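In: Generate coordinates for the sequence data below:
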Amino acid sequence: MKDKYKLLKQYFGYSEFREGQETLIDSILSGHDTLGIMPTGAGKSICYQLPALMMEGITLVISPLISLMKDQVEALNQAGIHAAYLNSSLSYNQYLTALRYAKEGRYQIIYVAPERLDTAEFLAFAMQVNISMVSVDEAHCVSQWGQDFRPSYLKITNFIHALPHRPVVSAFTATATKTVKEDMVCILQLNNPTVITTGFDRKNLFFAVEKPKDKYQALLKHVHEFDGQSGIIYCISRKAVEEVCENLVKEGLPVTRYHAGLSDYERKHNQEDFIYDVKPIMVATNAFGMGIDKSNVRYVIHYNMPKNIESYYQEAGRAGRDGEPAKCILLYGGQDVVTNQFFIDNNMDNNELSDEELEVVKERDRERLKKMTFYCMTNECLRSYILMYFGEYGDNYCGNCSNCLTQFDTIDITEPALEILGCIRESHERYGMTLIVDTLRGSNNAKVKRCRMDENVHYGKLAHLTIPRLRQMINHLILNDYLILTTGEYAVVKLGVNAKELLDGDSDVTVTMKMAKEYEPVSKDSKKAAGKARVSKAVASLDDVDRDLFEKLRELRMELAKKAGVPPYLIFSDKTLTQMCVLHPSSKEEMLEVSGVGEVKYERYGEDFLRVLTR
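Out: Residues are numbered from 1 along each chain as shown. I've put the predicted structure just below:
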């Protein structure tokens, strides 16, 4: 059998496997069905691409988007591996030609859209060739409980059953809750699979939530901080995309846009401008991103809050795929909750569901929105909140998020908590947060009087607190199960499971809450001095290298990319360029020691980079 370590270095430029990769590869090579759940940037594609090079026959990779297939196939061809894709971007003659070449054995790996699986031409092809593996990429798309459900993914098992012999089936995804994980195993009918979850943590990503009074000015400040770097700005609607993009263009920034309202041509053109760094800033709705394997995205800014943690983590995870430090910033505004609630209530994405099933989906989506909102409210570690959502538990301090780098005082809020709970109990748990806040602050507005909340015994008892601080306390009580915020068209605040013990006063229950003491980030040095910093800086970080040399290497990469007609990051990633700057290789042998430089890529580009490095 071919040597997997030799192939890893020859084609992919790596000397060792990352966490989980070797176990997944060995499972596939042993003929076992395999499920890999690995964070974005952890190297999922190698887990099926490398076995494909070692197995007899063809590996079919089922992929949901044209852009994803195109990107993967270009990367494989750059590495010297013959691969092809079959999707609607090909003309009928191109499609038939690709099938003919595949029958002749020219490709070891073929990417195919799930919609193609039941077409006559493809089925005829599949019956005549040896398919050694079917690998399902973005496998969460098979589950109705996943954030990107695609009915066409349900065709996969029928296709596999129709084959003359059952191939190895592998499946991969970056984000999956317990329910989605169970769905992938069940719906894809994986036989006693090897299941590896390497963890969802991306230590190179910095997470931050901000609540600016002026979102656009906050956005502009961050974009200028990343001057010359590539980034994605996600907006909740087409209208917001247009407004933000137009304003950034007026600032003279190299920006483009992407949403479903654009023509196919414009979407494709704008996406390529972004990928090729012609316009390195992309403003987009969530229609953009799946399958964009751009490794040098240094920041992802959410101009609006997404509707669930799964979507947020997948979109934020498009930053820093090369392993270098990157920032994920969410600009929160209360209107984001209202807009997302409207989208949920008017769900038009699941027309194939019955009314009863659709209502279940809506209820699930409301619960997810609630947890997404809590993420924006919590004063605890943001990274830990995300990881706990996916079933991982840490120590609630990462040292690399805005909450961990902000100083907090822990204060006793038992007295105001009693007033809040008492007000809600006194009003028979009938009202929403705004009316409760107005009542506690002693407002004289019409709704307070109409509902006779000015007669509530707790009326005006917390008039000394600001509206934001009072809302913050109520959100904290919701997070800790003293209160429940119902879902539906009109959200109502009700008493939670922990409320009775506090209200009854039968024990010495106290409620504490972390309040920001200061909003300037604490220096990392002081955190380390306090013995708290737990995230080590990446070796050969962009911050540690000769910037002039790095820019020269980037310029060379851009020149070579234009000649080859491929995105710059497919030549070498930023991480590979930083290692070149640190190691200063002066020969072929030394260049091959750089992570990401394989033999094929050295033959194509190595000498050009050596000339710059040895000047």
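
In: mind listing what Leu154 touches?
Out: 142, 187 (CB atoms under 8 Å, 6 or more residues apart in numbering). All C-beta spots, glycine's among them, are computed from the backbone N, C-alpha and C.

In: Tell me the spacing between it and Ile131.
Out: 19 Å (CB to CB, to the nearest Å).

In: Likewise for Gly252?
Out: From Gly252 to Ile131 the distance is 52 Å (CB to CB).

In: Asn400 too?
Out: 43 Å.

In: and what of Pro254?
Out: For Pro254, the distance to Ile131 - CB to CB - is 44 Å.

In: just Asp355 next, same as before
Out: Distance from Asp355 to Ile131, by CB to CB: 40 Å.

In: quick one, which residue of this protein lies the farthest from its center?
Out: Glu455 (48.3 Å; CA atoms, centre = their mean).

In: Tell me the pLDDT of that one.
Out: pLDDT recorded at Glu455 is 93.

In: Averaged pLDDT, the stretch of helix or strand Ser135 belongs to. What do you get?
Out: Element membership for Ser135 (DSSP states H and E) is strand 131-136. For strand 131-136, mean pLDDT rounds to 96.

In: mind listing what that strand pairs with, with the direction of each?
Out: Strand 131-136 has the following strand partners under DSSP bridges: strand 58-62 (parallel), strand 168-173 (parallel).

In: what about Pro254 and Ile131, which has more around it?
Out: A direct count of neighbours by other CB atoms under 10 Å for Pro254 and Ile131 places Ile131 higher, at 21 against 15.

In: Which residues does the strand holding Ser135 contact?
Out: Under CB under 8 Å, 6+ apart, the answer for strand 131-136 is 28, 48, 51-52, 55-62, 142, 153, 156, 159-160, 163, 167-172, 188.

In: which parts of the helix or strand that comes right after it are buried?
Out: Once strand 131-136 ends, the next helix or strand along the chain (criterion: DSSP H and E) is helix 156-162. Within helix 156-162, the residues scored as buried using 16 or more other CB atoms under 10 Å are 156-157, 159-160.

In: Which strands or helices does helix 156-162 pack on?
Out: In terms of contacts (3 or more CB pairs under 8 Å, 6 or more residues apart in numbering; DSSP states H and E), helix 156-162 is packed against helix 120-128, strand 131-136.

In: could I get these as a markdown table with distance to Ala417?
Out: Formatted as a markdown table, those follow (distance: least, CB to CB, whole Å):
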| stretch | distance to Ala417 |
| --- | --- |
| helix 120-128 | 62 |
| strand 131-136 | 48 |
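
In: hmm, back to that, report the distance from the strand holding Ser135 to the chain centre.
Out: Relative to its parent chain, strand 131-136 has a centroid offset of 25 Å by CA atoms, centre = their mean, to the nearest Å.

In: What of stretch 30-49?
Out: 17 Å.

In: Name the surrounding residues that touch stretch 411-425.
Out: Here stretch 411-425 has contacts from 431, 436, 439-440, 456-459, 461-462, 465, 470, 473-474, 476-477, 482-483, 493-495, 499, 502-503, 509-515, using CB under 8 Å, 6+ apart.

In: Go ahead and produce PDB holding the CA coordinates of that stretch.
Out: Taking Å, rounded to 0.1, in the frame of the first residue of the first chain, the C-alpha atoms of stretch 411-425 are listed here in PDB:
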ATOM      1  CA  ILE A 411     -22.000  42.300  42.700                       C
ATOM      2  CA  ASP A 412     -24.900  41.100  44.800                       C
ATOM      3  CA  ILE A 413     -28.200  41.700  42.900                       C
ATOM      4  CA  THR A 414     -30.500  39.800  45.300                       C
ATOM      5  CA  GLU A 415     -32.600  42.800  46.300                       C
ATOM      6  CA  PRO A 416     -33.300  44.100  42.700                       C
ATOM      7  CA  ALA A 417     -33.900  40.400  41.700                       C
ATOM      8  CA  LEU A 418     -36.600  40.100  44.300                       C
ATOM      9  CA  GLU A 419     -38.300  43.300  43.000                       C
ATOM     10  CA  ILE A 420     -38.100  42.000  39.400                       C
ATOM     11  CA  LEU A 421     -39.500  38.500  40.400                       C
ATOM     12  CA  GLY A 422     -42.100  40.000  42.600                       C
ATOM     13  CA  CYS A 423     -43.300  42.400  39.900                       C
ATOM     14  CA  ILE A 424     -43.700  39.500  37.500                       C
ATOM     15  CA  ARG A 425     -45.500  37.400  40.000                       C
END
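
In: model confidence over that stretch, on average?
Out: Here the average pLDDT along stretch 411-425 is 93.

In: count of neighbours near Met433?
Out: 18.

In: give me every residue that touches it.
Out: 471, 474, 485, 491, 493.

In: Return the subset of the residues you listed lying in helices.
Out: 471, 474 (DSSP state H).

In: nearest to Val244, of the contacts of Met433?
Out: Arg471 (26.6 Å; CB to CB).

In: just checking, that closest one touches Asp438?
Out: No. With contacts counted by CB atoms under 8 Å, Arg471 stays clear of Asp438, the gap being 11.2 Å.

In: and those two? which has more neighbours close in?
Out: With neighbours defined as other CB under 10 Å, Arg471 and Asp438 compare such that Asp438 has more, 21 against 17.

In: roughly how far apart are that one and Lys447?
Out: 7 Å.

In: Need the residues touching each of the two.
Out: Met453.

In: Where does the prediction get shaky in the stretch 151-300 of the chain?
Out: 290-292 (pLDDT under 70).
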